[in-house]
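1. Have a look; sequence and predicted model below, questions after that.
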Amino acid sequence: MVSPTDRSAPTVGFDLDMTLIDSRPGIHAAYRALSAETGVPIDADLAIGRLGPPLEQELVHWFPEDRIADMADRYREIYPTFAITPTRALPGAREAVAAVQRLGGRVLVVTAKHEPNAKLHLSHLGMEPDVVVGSLWAEAKGVALREYGAAVYVGDHVGDVRGAHAARALSVAVPTGPCDEEELRAAGADVLLPDLTAFPAWLESYAAAGRDVSATGPSA
């Protein structure tokens, strides 16, 4: 485990889907393609409204248990064809990554998404984190956050809050995904920002004040 000793150049973790990227159009297209291929009806609108947990947790709504593993593999195979191009960076995402790196810090992306597909998204959108770790959800994200010494983890889901706390990292939450401010606050988010456009200013205050977030101002 790397200890985050330099608070002026922290290691900051980010979730991917609905934190850094709006992958809903691409995921919608991938689910529709999987539905067309298998002949199994999938409500893609419903599926993209609950992004965050691992793929297998969504597939149980549409396929019998004995088909989940195969359908997950197939979805991941077709994903690059349908999901990469329609996906866009969320407002402030590139600037948030750049703000960490400008301070000399490291950017760690920890996501439940299949890691090769996560890397395709980031490359396509021109974002260059220092480390990408996939296939981790909720408290399991804490394993990677601890390994790389993350001082802060930024996410949009209550599972991201739990992952941050599992690593004893500061949980910074943005209500840009399926969880609103009330849910994120109830889950124990340490800092709430409206979206990532507010992150660079918050990070500057955090770096200056150390871990005393009460002195930062932008939290809510």
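-> Cool, the structure landed.
2. Which residues in the lowest-mean-pLDDT helix or strand in the chain does the neighbour count mark as buried?
-> In the chain, the helix or strand scored least confidently by mean pLDDT, DSSP states H and E is helix 199-209, which has a mean of 94. Along helix 199-209, these residues count as buried under the neighbour rule (16 or more other Cβ atoms under 10 Å): 199-200, 202-203, 205-207. Where C-beta positions appear, they are placed from N, C-alpha and C, glycine not excepted.
3. what distance separates it from the centre of its chain?
-> 20 Å (Cα atoms, centre = their mean, to the nearest Å).
4. hmm, back to that, export the buried residues of helix 199-209 to JSON lines and append columns for distance to D43.
-> Shown next, in JSON lines, are the buried residues of helix 199-209 (distance: Cβ to Cβ, whole Å):
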{"residue": "F199", "distance to D43": "33"}
{"residue": "P200", "distance to D43": "37"}
{"residue": "W202", "distance to D43": "37"}
{"residue": "L203", "distance to D43": "38"}
{"residue": "S205", "distance to D43": "42"}
{"residue": "Y206", "distance to D43": "40"}
{"residue": "A207", "distance to D43": "44"}
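5. Which of the residues you listed sits closest to A118?
-> Closest approach between the buried residues of helix 199-209 and A118, by Cβ to Cβ: F199, at 19.6 Å.
6. what residues are up against that closest one?
-> 92, 95-96, 99, 154, 172, 174, 193 (Cβ atoms under 8 Å, 6 or more residues apart in numbering).
7. Ok, P129 next?
-> Going by Cβ under 8 Å, 6+ apart, the list of residues near P129 reads 14, 97, 107-109, 122.
8. Which of those fall in strands?
-> 14, 107-109 (DSSP state E).
9. ok, and the most crowded of those?
-> With neighbours taken as other Cβ atoms under 10 Å, the top of the ones in strands among the contacts of P129 is F14, carrying 30 neighbours.
10. Does that one touch L20 like I think?
-> Yes: look at F14 against L20 with Cβ atoms under 8 Å: they come within range, at 5.5 Å.
11. Overlap in contacts, those two.
-> Joint contacts of F14 and L20 (Cβ under 8 Å, 6+ apart) are 96-97, 109.
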